Structures are given as C-alpha cells and as structure tokens.
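Visitor: Here's my sequence, what's the structure:
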Amino acid sequence: SGSITGNITNNAALAYYRTDAHTVSAVLSGTGALTNLAGTLTLTGASTLSGNTTVSGGILIQNGTNVSSAVTVASGAFLYGTGSNGTTTVNGQLSAGSATNTVGNLKAAALNLENNGRMAVDITAMTGTAGVNWDVITLGSGGGTYTVNAADGSDFVISLKGSPSIDPSQAYTLKIIDGGTANSFVANKFTILTNDFTANTEGGTFSVDATGGDLNLVFTPNAPAAPTGLAAADGTSTSQVALSWLDGTRETGYVIWRYTADVAGSATAIYTNAANTTNYNDTTATPGQIYYYWVSATNVAGSSAKSSSDSGYRKLATVTITSATDGTDLTQVTLNWTDITGETGYGIWRNTSDNSGTAAWLASAAADATSYNDSTATPGQQYYYFIRATNSTSESQSDFQANGEGGYRKLAQVAGVTATENLSD
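Guide: Alright, predicted model coming up:
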C-alpha cells in the first residue's frame, strides 16, 4: 500500500508488490530496473527509464510511454494498455486496450513471441480499422520487427475474444501485429483459441499469416453444404424449364448444372446465381428434350457437392398446320404443317367436328416430317385435323391447335350413267 509522489529517478531498482490496483502518473527516469511483482500497476507518465522492465507477476498496464525500457512479461503475468513500450518479450500474456476486454492499440519497438506466450485479441467488428475495431500491436510505428521464438509443440497462443457480427460466407483478414519484418515465422508455431469468441462462424476456421511483415489473423469460411429441394418443371412452359431449390447458408452464389442423362460427373455448368437467389429459368433448353439438373453452392472456400438431381423439360411448341386439301384429290386429304424444334415425331388426330377433345388418333409421322396423306378419309366427308409434336426422351407433347384444320377427299366421278332414246314415232 502507499504511494510515491513526484517524478522518480531510478538508477537501481524499483519494485511494486501490491494486492490492489495502483496508478503511477510520475515520470520514471534513470538507468535502473522496474519490476511489477503482484497486483495491478498502471503507468501513465512519459517515462525515459532505460533499465529493463519486468512483469514477473500481476498486471502492468502501460498507458503512458517508456520506449527506452525493454519489457519482459513472465509466464503467468499480463501486459496490456494503449501506450508505448520498448522491445517486448512475451512469455506471459499481452493485449492492447486500456482495460481488459476493450479494443486498443499498444505500441512496442519490437516484439519477441516466446514458448507458450499468449496474445489476447478483442474483436468488436470483423471489418474496419485495427486498434478501433480489433486489438493491434504496432511495432516501431508500423516498421518494427517481431520474432517468433516459440517452438512447435510449445506454440504461441492467439486468444480471440468478442462476439462480432460475421458473415460466415466471407473471408476476413485482420492485422493484429502491425510490423515491417517477421522473423522465424511459421504458421504452425501458433495456436488460435476461440473459447471466448462467440460469433457464429458456422464451421469457419482462423489461421495466421505474415503477409507484408505483419501478423494477420485470417478467417476462412467453411464451404457451403449441398443445396436441397431442387425441383425442375416438367413441360409447364414452352419458353423455359423453371428450377427452384431451398436456400442454404454460407453461399455467395449457386451454380446450375445440366446434362441429358442422370450422370452428375458429365454435367455442364450453365449459369451462376447470386447468393440467396434460389430459382432459375433455363431458356436454352431444347424443347421436348429431357434434362437432368443439379445445383451446387459456392463461396471463397470452394464449392459444395452437387445437389440431388431432378429432371425436367421444356414443352414443345404448338404445331402450325398450314393446310388441309379441300377436295383436290380423289384418293386422299393432304395435310401440311411447319416443322418445330425439338420434336422426334408427330401424331395426327382427326374428327368430323371441330373438337380436339373427341378427336381420334389417326397416324404418326416421323421426325422432321411436314406432310401426311390421309387415304382413309371417306370421300366427301368433312374432317378436322389436329397435329401434336412429341419427343421420345420425355413425356412432352405439344398442345392441340385451338381449332382444327378442315379438309375433305374429293368424291369420285359417277360412272355408268345411261339414258334411253326416244323410241316413239
């Protein structure tokens, strides 16, 4: 207990061993050593002490400056704050911020990361500014050096804290040490703990890299799960095959795949939808052709497996009958129509009234046919003809025409006509 008033010139040793929290606003100068043995010691002055500073126990909060003093944080001890230190060696725990669980920017001339040392990083937002939205240690105004002395198996620990909003489909990079040179950096010398990080990452993972001489915390999202609930329309439209599926999570887009057989490995990607867009109209499908469809979800981590398949097809267009002959031939009624895309054959129906609903099937015509001769028509009988296109790969058939095309077979010439002569005198 107690306090020292006024500035302190220390050319020997100054040690604090307290059970309470104590703040020293005085300027510390001289060549002596400073040690915190127990309790919480807060420094706020602009000190010039050149001797070593050791945090052998308790907590040292550096909210002032003392860039001439090398700092060693012993195992079990804690250094944090928003001020400036000399070269700092971390065997214990380090964090930025003026208080625990607050975001800040702590400065040091250089940094040594030792076996089983720990750095706590408070995060309030996954995007923004280092020192404002997450903790950062700045070395030499951003041009200093950090050295990784931790051995594999005695990793330096990065402990994440906070519950920021996070998009689990996105990658994030947070600079947590702003340096200029990284010595002896190996990613597997670090262990990242998320026990106190409660944001919903949906299986995403954290790692570190040393890009640009900084130490960066990198979030990599988990690849999305395969979409479910895919449904493809079966001939409900002549212009498209309508697809829909259930929205998943973590995706940044959906890829639609198509093939003419139920073989996912041979499918071709035909379109990519934006995130949360769970429908697509395939207007490039050949009418009548059956297709098998799949959907996969993507994000920066990669792609999901393809969904289960569903088949669908685009309805064949209604056939345009261009003519049916009206008594021009004694042997037949000749029908003509326009060939349509996607058919593999035609069916011909006939009725004695203009009603497709009661029309009877008459005959089939081959693919690409555009005419048919009805030689079974009763001469002189008016008929109405209807034509449907079909496709053998699907159940698709075009609609009947709204009205039948009328035609008839010419009556034969009357034969054996005789007349008697006038035999009277």
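
Visitor: so residue 272 makes contact with residue 252?
Guide: No. With contact defined as CB atoms under 8 Å, residue 272 does not reach residue 252; the gap is 9.9 Å. C-beta here means a position set from N, CA and C on the backbone, and glycine is covered the same way.

Visitor: Show me the common contact partners of those two, please.
Guide: Both residue 272 and residue 252 are in contact with residue 298, where contact means CB atoms under 8 Å, 6 or more residues apart in numbering.

Visitor: neighbour count winner among those two?
Guide: Higher neighbour count among residue 272 and residue 252: residue 252, with 18 against 14, using other CB atoms under 10 Å.

Visitor: what's across from the nearest residue to that one once chain neighbours are set aside in the sheet?
Guide: Take residue 252 and drop its neighbours on the chain: the residue closest to it by CB to CB, 6 or more residues apart in numbering is residue 299, 4.5 Å away. Per DSSP bridges, the residues bridged to residue 299 are residue 302.

Visitor: correct me, but residue 299 touches residue 204?
Guide: No. Using CB under 8 Å, residue 299 is not in contact with residue 204; the gap is 9.7 Å.

Visitor: Residue 357 belongs to a strand?
Guide: No. Using DSSP: H, G, I helix; E, B strand; the rest coil, the assignment for residue 357 is helix, not a strand.

Visitor: any idea how far residue 400 is from it?
Guide: 8 Å (CB to CB, to the nearest Å).

Visitor: Residue 6 too?
Guide: 106 Å.

Visitor: rewinding a little: who's more crowded, residue 357 and residue 400?
Guide: residue 400 (17 against 7).

Visitor: how much space between the closest residue to that one other than its chain neighbours and residue 385?
Guide: For residue 400, ignoring the flanking residues on the chain, the nearest one in space by CB to CB, 6+ apart is residue 356 at 3.9 Å. From residue 356 across to residue 385, the span is 10 Å (CB to CB).

Visitor: who touches both of the two?
Guide: Counting by CB under 8 Å, 6+ apart, the residues touching both residue 356 and residue 385 are 349, 404.

Visitor: more neighbours, those two?
Guide: More neighbours surround residue 385 than the other of residue 356 and residue 385, with 24 against 18 (other CB under 10 Å).

Visitor: which residues does the more buried one bridge with?
Guide: So, taking DSSP bridges as the rule, residue 385 has residue 350, residue 405 as bridge partners.

Visitor: That one against residue 322, yeah?
Guide: No. Using CB under 8 Å, residue 385 is not in contact with residue 322; the gap is 11.5 Å.

Visitor: what ranges of this structure fall below the confidence cut-off?
Guide: Within the chain, the set of residues satisfying pLDDT under 70 comprises 1-2, 423-425.

Visitor: 90 instead?
Guide: Scanning the chain for pLDDT under 90 picks out 1-8, 12, 19, 98-101, 141-143, 152-153, 180, 395, 413-425.

Visitor: Now do the contacts for residue 159.
Guide: Going by CB under 8 Å, 6+ apart, residue 159 touches 118-121, 192-193, 195-196.

Visitor: same thing but at 10 Å, please
Guide: Residue 159 is in contact with 93, 95, 118-122, 191-197, counting by CB atoms under 10 Å, 6 or more residues apart in numbering.

Visitor: want to throw those into JSON lines with secondary structure and neighbour count?
Guide: Supplementary listing: the contacts of residue 159 in JSON lines, determined by DSSP: H, G, I helix; E, B strand; the rest coil; neighbours: other CB atoms under 10 Å:
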{"residue": "93", "secondary structure": "strand", "neighbour count": "20"}
{"residue": "95", "secondary structure": "strand", "neighbour count": "24"}
{"residue": "118", "secondary structure": "strand", "neighbour count": "21"}
{"residue": "119", "secondary structure": "strand", "neighbour count": "22"}
{"residue": "120", "secondary structure": "strand", "neighbour count": "21"}
{"residue": "121", "secondary structure": "strand", "neighbour count": "25"}
{"residue": "122", "secondary structure": "strand", "neighbour count": "23"}
{"residue": "191", "secondary structure": "strand", "neighbour count": "15"}
{"residue": "192", "secondary structure": "strand", "neighbour count": "17"}
{"residue": "193", "secondary structure": "strand", "neighbour count": "14"}
{"residue": "194", "secondary structure": "strand", "neighbour count": "14"}
{"residue": "195", "secondary structure": "strand", "neighbour count": "8"}
{"residue": "196", "secondary structure": "strand", "neighbour count": "13"}
{"residue": "197", "secondary structure": "strand", "neighbour count": "19"}
